[in-house]
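In: Model the following, please.
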Amino acid sequence: MDKNTAINPNEPLNAAPEFPAAAPKKHSPVFKIWRVLYPLLIFVGIQFVVGVVMALFYVVTRILPVINQAADPLVMSQQLTDWAISQTLPLALACDLLVLPIFAFMYFRQMKGQKRPAISTFKITDYVLVAALAVFADFAITYFISGFNIVQYFPDYQVLMKGLGSTSVILQVIAVGIVAPVAEEFLMRGVVLNRLLGYMRVLPALLIQAALFGILHMNLLQGLYAGVLGLLLGYVYIKYGSLLMTIVFHITLNTLSVLLPESFAAGVSPFLIIVPAVLLTAGTLWLIRRRGDSEMFISDRKLEKVPQEE
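Out: Residues are numbered from 1 along each chain as shown. Purely as a prediction, here's the structure:
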């Protein structure tokens, strides 16, 4: 033993040497992009598979039995197209029910061990403000589209609305008003936005998740207003740090869109609805902002804080 080596009498002779803690693992840009995008690919992939299965079901049950009866191929093709449009909502509902447990599992797994606000911390005022924000934002966007007849420039959107409108209101409320918002919030804010927040600051993460939310709808007009709503949803999540509040916003907005008749305020200048709705949206955002400190803007959330086992 070196003569100059001091011996600590309080330290066991056979104590294991201490090593400095390993630095957090840094991921490559490719891995980061893949980790953010593959949940979206799962969603789109399930939509594709369910669509193919439903189309095969129609071919087997409707087309094959009459294929030898000299049926006009063009007529059968049109019948398949019309049937597919009429099944838009059942298809969306089936996909959302399939992906919901997947994304819920991914969300709770990646949030394990991270601090989340308790539901008891939210007041009735918080729920009212978030629901009001959804109502005012829906009025502003809906009457901008309908008041200026923006739909005429987007035939694909008209086909989509035709398919949704061909089903019962009860099914629309269940599929569009309840199930879709819950599934989309677990995916977009629960998984995608949280992963982006592990790699970058709040503002770019907020913008990117909103853009991805718009692209996910795969329809230009729907994608544009979904992107705007994605910004509001992202802010609500960042403000409260809870999916519960974004689900309240999303369910309120979608249910109102289903139940509000198209004839509402018919003949009224769109500015008389849009301008107050925009002002009320801005005012409600200001009130929400004053509801205490933001959960994430003031946090010391570290970048690269992601599960290392992935």
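In: check contacts around the closest residue to residue 166 other than its chain neighbours.
Out: Leaving aside its chain neighbours, residue 166 sits nearest to residue 86 (5.0 Å; criterion: CB to CB, 6 or more residues apart in numbering). The C-beta positions use only the backbone N, C-alpha and C, and glycine is treated the same way. The contact partners of residue 86, taken as CB atoms under 8 Å, 6 or more residues apart in numbering, are 163, 166, 167.
In: where's residue 74 relative to residue 80, distance?
Out: 11 Å (CB to CB, to the nearest Å).
In: Those two: which is more packed in?
Out: Neighbour tally, residue 74 and residue 80, criterion other CB atoms under 10 Å: the higher count belongs to residue 80, 15 against 8.
In: what's the neighbour count on residue 275?
Out: 12.
In: Can you tell me what sits against the one helix or strand it maps to?
Out: Of the helices and strands defined by DSSP states H and E, residue 275 is found in helix 271-289. By CB under 8 Å, 6+ apart, the residues outside helix 271-289 that reach it are 126, 129-130, 132-133, 136-137, 139-140, 143-144, 147, 232, 235-236, 239, 265.
In: Now it: average pLDDT?
Out: Here helix 271-289 scores 94 as its mean pLDDT.
In: buried set for that helix?
Out: 273, 274, 277, 278, 280, 281, 284, 285, 288 (16 or more other CB atoms under 10 Å).
In: Report the distance from stretch 234-252 to the chain centre.
Out: With CA atoms, centre = their mean, to the nearest Å as the basis, stretch 234-252 stands 10 Å off its chain's centre.
In: Alpha carbons of that stretch, in PDB - could you do that?
Out: The C-alpha trace of stretch 234-252 is given here as PDB (Å, rounded to 0.1, in the frame of the first residue of the first chain):
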ATOM      1  CA  GLY A 234     -51.500  21.300 -27.000                       C
ATOM      2  CA  TYR A 235     -51.600  24.500 -25.000                       C
ATOM      3  CA  VAL A 236     -54.300  23.100 -22.700                       C
ATOM      4  CA  TYR A 237     -52.100  20.000 -22.100                       C
ATOM      5  CA  ILE A 238     -49.000  22.200 -21.500                       C
ATOM      6  CA  LYS A 239     -51.000  24.400 -19.200                       C
ATOM      7  CA  TYR A 240     -52.600  21.700 -17.000                       C
ATOM      8  CA  GLY A 241     -50.200  18.700 -17.700                       C
ATOM      9  CA  SER A 242     -53.200  16.400 -17.900                       C
ATOM     10  CA  LEU A 243     -54.900  14.500 -20.700                       C
ATOM     11  CA  LEU A 244     -58.200  14.800 -18.800                       C
ATOM     12  CA  MET A 245     -58.400  18.500 -19.700                       C
ATOM     13  CA  THR A 246     -57.600  18.000 -23.300                       C
ATOM     14  CA  ILE A 247     -60.200  15.200 -23.500                       C
ATOM     15  CA  VAL A 248     -62.800  17.500 -22.000                       C
ATOM     16  CA  PHE A 249     -61.900  20.100 -24.700                       C
ATOM     17  CA  HIS A 250     -62.000  17.600 -27.500                       C
ATOM     18  CA  ILE A 251     -65.200  15.800 -26.500                       C
ATOM     19  CA  THR A 252     -67.000  19.200 -26.100                       C
END
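In: Return the residues in contact with the residue nearest to residue 88 when sequence neighbours are not counted.
Out: Spatial nearest neighbour of residue 88, chain neighbours left out: residue 163 (3.2 Å); criterion: CB to CB, 6+ apart. For residue 163, the contacting residues are 85, 86, 87, 88, 89, by CB under 8 Å, 6+ apart.
In: do that again at 7 Å, thanks
Out: Residues counted as contacts of residue 163 (CB atoms under 7 Å, 6 or more residues apart in numbering) are 85, 86, 88, 89.
In: Tell me how many other residues surround residue 53.
Out: 11.
In: Could you check which helix or strand contains it?
Out: Per DSSP H and E: helix 29-58 holds residue 53.
In: what is the rounded mean pLDDT of that helix?
Out: On average, helix 29-58 scores 92.
In: Check which helices and strands that helix sits against.
Out: helix 73-86, helix 88-110, helix 194-197, helix 202-216 (3 or more CB pairs under 7 Å, 6 or more residues apart in numbering; DSSP states H and E).
In: Buried deepest among the ones you listed, which one?
Out: Counting by mean count of other CB atoms under 10 Å, helix 194-197 has the highest mean neighbour count of the helices and strands packed on helix 29-58, with a mean of 22.
In: So which bits of stretch 118-135 are buried?
Out: Under 16+ other CB under 10 Å, the buried positions of stretch 118-135 are 122, 126, 129, 130, 131, 132, 133, 134, 135.
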